[in-house]
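S.K.: Structural data only, the sequence is not supplied:
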C-alpha cells in the first residue's frame, strides 16, 4: 500500500481532497491512504461512510492502525456498493454456505470410505458375504441418491469420528 498520496515537492492533492474540492494540507489525514492515482477508492468510501465520519475514525485511531482501518472501510464500501442490503455480510454468508456444502460432501466421502472398508473386510471373512453378492452393494452416497438396494450394514446411525477416521485412513 502506498504511504503517501503526494510526490515530494509536487503539491498534488490526494484523492479525498480532489473529490471534496478542497486544498490538501501538508498534514492531511487522508493523503497517506487515498493517493491521487486511486480516486475511486475514496469515492466509494465517501459514498458509504461520508468524508466527515472517515475523518473522525482516522483521527481517533493511532497512526499504526489507520492503514488497516482504511483497508476495512474500502472493503466494506465496495461490498456495500455491490450489495446495498447485506454488504460484506452477504459475501460471508455465501462463503459459509459453500463451506457447509463442502463439509456435507466430505462427510459423504468419509462415510463411503468407511462403508467400502467394511465391505472389503467382510468379503474376506469366512462367514461374510462375497463381493459379487447383491446384498453387498449400496454405499451411503448411493442410498442418498435414491438407490433401493439394502446394504448389509446400516450406516444411517453410525457416527464417524473424523479424528480416528483420519488416523485409520493413513495406517493401512
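M.R.: Received the coordinates, thanks. Owing to the predicted nature of the structure, the values given are computational and were not obtained by experimental measurement.
S.K.: low-scoring stretches of the chain, by residue?
M.R.: 1-11, 125-172 (pLDDT under 70).
S.K.: and if we set it to 90?
M.R.: 1-12, 120-172 (pLDDT under 90).
S.K.: and the longest helix for it?
M.R.: Determined from DSSP state H, the single longest helix within the chain is helix 88-123.
S.K.: Identify the residues contacting residue 29.
M.R.: 55, 58-59 (Cβ atoms under 8 Å, 6 or more residues apart in numbering). The C-beta positions use only the backbone N, C-alpha and C, and glycine is treated the same way.
S.K.: tell me which element it falls in.
M.R.: For residue 29, there is no helix or strand it lies in under DSSP states H and E.
S.K.: Distance check, it against residue 61.
M.R.: Per Cβ to Cβ, to the nearest Å, residue 29 is found 10 Å from residue 61.
S.K.: What are the buried residues along the longest helix of the chain?
M.R.: Within helix 88-123, the residues that count as buried by 16 or more other Cβ atoms under 10 Å are 88, 110-111, 113-115, 118-119, 122.
S.K.: got these as JSON lines, with distance to residue 78 columns?
M.R.: As requested, the buried residues of helix 88-123 are arranged in JSON lines below (distance: Cβ to Cβ, whole Å):
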{"residue": "88", "distance to residue 78": "9"}
{"residue": "110", "distance to residue 78": "38"}
{"residue": "111", "distance to residue 78": "40"}
{"residue": "113", "distance to residue 78": "42"}
{"residue": "114", "distance to residue 78": "44"}
{"residue": "115", "distance to residue 78": "46"}
{"residue": "118", "distance to residue 78": "50"}
{"residue": "119", "distance to residue 78": "51"}
{"residue": "122", "distance to residue 78": "56"}
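S.K.: Out of these, which is nearest to residue 20?
M.R.: residue 88 (25.3 Å; Cβ to Cβ).
S.K.: now the closest one: how far from residue 117?
M.R.: Distance from residue 88 to residue 117, by Cβ to Cβ: 43 Å.
S.K.: and what of residue 39?
M.R.: 61 Å.
S.K.: what's the closest non-adjacent residue to residue 66?
M.R.: residue 58 (5.4 Å; Cβ to Cβ, 6 or more residues apart in numbering).
S.K.: correct me, but the one you found touches residue 69?
M.R.: Yes - under the criterion of Cβ atoms under 8 Å, residue 58 makes contact with residue 69 at 6.7 Å.
S.K.: which residues in the protein form helices?
M.R.: 15-20, 39-49, 51-60, 63-82, 88-123, 140-144, 162-170.
S.K.: List the contacts of the first one.
M.R.: With contacts defined as Cβ under 8 Å, 6+ apart, helix 15-20 is touched by 5, 23-24, 28, 30-31, 34-39, 41-43, 46, 51.
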